[in-house]
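Undergrad: Sharing a sequence plus its predicted fold:
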Amino acid sequence: MARHIVCLSFDFDATSIWISRGMVSPNPISRGEFGVIGAARILALLDKYGLKSTWFIPGHTLETYPEACEAVVRAGHEIGNHGWTHLSPTAMSAEEEEAELVRANASIRKATGGDPKGYRSPVWDQTPRTVELLLRHGFVYESNLMGNDYTPYRARTPDTIDIQKPLKFGDATPLIEIPVSWSLDDAPHFELVRTPNWVQPGLMNATNVLENWVHDFLYMADTTAWGAVTYTFHPYCTGRGHRMIVLEKLIQQLIRKDAVFLRMDELASEYDERAPFSRAVHAAQ
């Protein structure tokens, strides 16, 4: 029986995304504050359709806006680790990267009463240490890489990369990768960001982006018997009025196409049953 899955994921960065970039004047901070308003709108929309989702929330947001985050937990959505400061781990030492992970886990434990199963790095960056750290701290899955589009896979130990030699792939691990894509992320399409070094123009027509998002699901449904699409949204971005209309249209169209909506921990569990780790190791050899 065909089964086509959708994971709606929300990176509730709030002010942390701007602070981590050194953008601390009133304007970027206010953009982050709007994320709280956007989160409330998104929660109401998900409740309207009876959908559960996964929220990756930095410790900074959990501690700054506890009431807004408690609303996410009360509604039955999954909370994943998104670092504490929203700083990229690629700029950290090994000790700093682990400390970020542990500190964020503590904030999640305080908010939910349990440890997170999933991890999404700020800006989807990770180091050669990240997979080992996640396994050491009991994570089931991560959602950072782009080596597939509709099929989760096993994260690897570090690859050996030398431009003068063929790439040597690392070994598969029990950690499940739930792949992502910038094309399925709202921020590159919609958010205007200006820094002294670069400009992200954003501000695209939301209806045109909606067509892309729907077509990715349709292609999966047409070409696979089992697969999953993971959409990534940010409350400070998608929470704006016309984008909320498009988010609802996306949900409506996916429902009409018989999409199965799962939290990402549920998707990881289903994938693990379909492709146990021993089978993944055998396939890699």
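TA: Yes, it's here. Keep in mind that what you see is a predicted model, and the values were worked out from it rather than measured. Residues are numbered from 1 along each chain as shown.

Undergrad: the helices in the chain, which residues?
TA: For the chain, the helices defined by DSSP state H cover 16-19, 26-49, 59-64, 66-74, 94-112, 130-136, 186-190, 206-223, 235-238, 241-256, 264-274, 277-284.

Undergrad: weakest of those helices by average pLDDT?
TA: Sorting the helices of the chain by mean pLDDT places helix 277-284 lowest, at a mean of 58.

Undergrad: Can you show me the CA trace of stretch 249-258 as PDB?
TA: C-alpha atoms of stretch 249-258 as PDB (Å, rounded to 0.1, in the frame of the first residue of the first chain):
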ATOM      1  CA  LYS A 249      -3.400  26.100   1.100                       C
ATOM      2  CA  LEU A 250      -0.400  23.800   1.200                       C
ATOM      3  CA  ILE A 251      -2.000  21.800   4.000                       C
ATOM      4  CA  GLN A 252      -5.300  21.600   2.200                       C
ATOM      5  CA  GLN A 253      -3.800  20.500  -1.100                       C
ATOM      6  CA  LEU A 254      -1.700  17.800   0.700                       C
ATOM      7  CA  ILE A 255      -4.700  16.500   2.500                       C
ATOM      8  CA  ARG A 256      -6.600  16.200  -0.800                       C
ATOM      9  CA  LYS A 257      -3.600  14.200  -2.200                       C
ATOM     10  CA  ASP A 258      -3.900  11.800   0.800                       C
END
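
Undergrad: Pull the distance from it to the chain's centre.
TA: Relative to its chain's centre, stretch 249-258 lies at 20 Å (Cα atoms, centre = their mean, to the nearest Å).

Undergrad: before we move on, what about stretch 9-23?
TA: Relative to the centre of its chain, stretch 9-23 is centred 13 Å away, using Cα atoms, centre = their mean.

Undergrad: Asp47: what's it in contact with?
TA: Ala75 (Cβ atoms under 8 Å, 6 or more residues apart in numbering). Yep, even glycine has a C-beta here, placed from its N, CA and C like the rest.

Undergrad: where's it relative to Leu87, distance?
TA: Going from Asp47 to Leu87 by Cβ to Cβ, to the nearest Å gives 33 Å.

Undergrad: Could you point out which of the helices of the chain sits nearest Leu175?
TA: Proximity to Leu175, assessed across the helices of the chain by Cβ to Cβ, is greatest for helix 130-136 (5.7 Å).

Undergrad: For Pro179, see how far away Gly113 is.
TA: 29 Å.

Undergrad: neighbour-wise, which of those two wins?
TA: Pro179 (19 against 8; other Cβ atoms under 10 Å).

Undergrad: so what's that one closest to, chain neighbours aside?
TA: Excluding the flanking residues, the one nearest Pro179 by Cβ to Cβ, 6 or more residues apart in numbering is Asn148, at 4.8 Å.

Undergrad: burial of the one you found, as a residue count?
TA: As a measure of burial, Asn148 has 14 neighbours, counting by other Cβ under 10 Å.
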